[in-house]
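Participant: Predicted coordinates and the sequence they were generated for:
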Amino acid sequence: QVQLVESGGGLVQAGGSLRLSCAASGRTSSMYTMGWFRQAPGKERELVATIWWSGGRIYYADSVKGRFTISRDNAKNTVYLQMNSLKPEDTAVYYCSAAERGSSWSNPGYWGQGTQVTVSS
């Protein structure tokens, strides 16, 4: 089992920045990706960004490219999401995720509890 704990959400004005953190514990050696999804009210959960635990591969949704940056600290088993130039449409609950080897990185098996990000106009 892998446990994920997020932090860093909050309220920010449009154009502002926030940094989310997600610390993993438990059977972290089984992970090969960590990422962030988000879900806005009345909408489906969508993939925002994913980072591979080894190598340099990163995925971003088109809607956040150039504004969001995902990074990792392997020693701390922590992944970060730096969000700049935030827009009201970025308002959502953001979920940290992790995928174990043998599972799909776009449909991960582990989830954090979620952290609210609200961007005011």
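Facilitator: Received it, and whenever you're ready, just let me know what you need.

Participant: drop to CA atoms for contacts and neighbour counts, all remaining ones
Facilitator: Fine.

Participant: got the CA positions of whatever helix or strand Gln82 lives in in PDB?
Facilitator: Assigned by DSSP states H and E, Gln82 belongs to strand 78-83. Extracted in PDB, the C-alpha atoms of strand 78-83 (Å, rounded to 0.1, in the frame of the first residue of the first chain):
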ATOM      1  CA  THR A  78       7.600  13.900  -2.600                       C
ATOM      2  CA  VAL A  79       6.100  15.400  -5.700                       C
ATOM      3  CA  TYR A  80       5.400  19.100  -6.200                       C
ATOM      4  CA  LEU A  81       3.100  21.000  -8.500                       C
ATOM      5  CA  GLN A  82       4.100  24.700  -9.000                       C
ATOM      6  CA  MET A  83       1.100  26.500 -10.400                       C
END
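
Participant: Give the pairing partners of that strand; include direction for each.
Facilitator: strand 18-26 (antiparallel), strand 68-73 (antiparallel) (DSSP bridges).

Participant: got the angle between whichever helix or strand comes after that strand and strand 78-83?
Facilitator: Once the chain leaves strand 78-83, the next helix or strand it forms, by DSSP H and E, is strand 92-100. Using axes from the mean of the first three to the mean of the last three Cα atoms, to 10 degrees, the inter-axis angle of strand 92-100 relative to strand 78-83 is 150 degrees.

Participant: next SSE after strand 92-100?
Facilitator: strand 110-111.

Participant: Summarise which helices and strands the following helix or strand past that next one is packed against.
Facilitator: Next in sequence after strand 110-111, counting helices and strands by DSSP H and E, comes strand 115-120. Contact partners of strand 115-120 among helices and strands, from 3 or more Cα pairs under 8 Å, 6 or more residues apart in numbering; DSSP states H and E: strand 10-13, strand 92-100.

Participant: Can you dump the C-alpha atoms of strand 115-120 in PDB for me?
Facilitator: Extracted C-alpha coordinates of strand 115-120, given in PDB (Å, rounded to 0.1, in the frame of the first residue of the first chain):
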ATOM      1  CA  THR A 115      -6.700  19.800  -1.600                       C
ATOM      2  CA  GLN A 116      -8.900  22.700  -2.600                       C
ATOM      3  CA  VAL A 117      -7.500  25.300  -5.000                       C
ATOM      4  CA  THR A 118      -9.700  28.300  -5.600                       C
ATOM      5  CA  VAL A 119      -8.800  31.100  -8.000                       C
ATOM      6  CA  SER A 120     -10.800  34.300  -7.700                       C
END
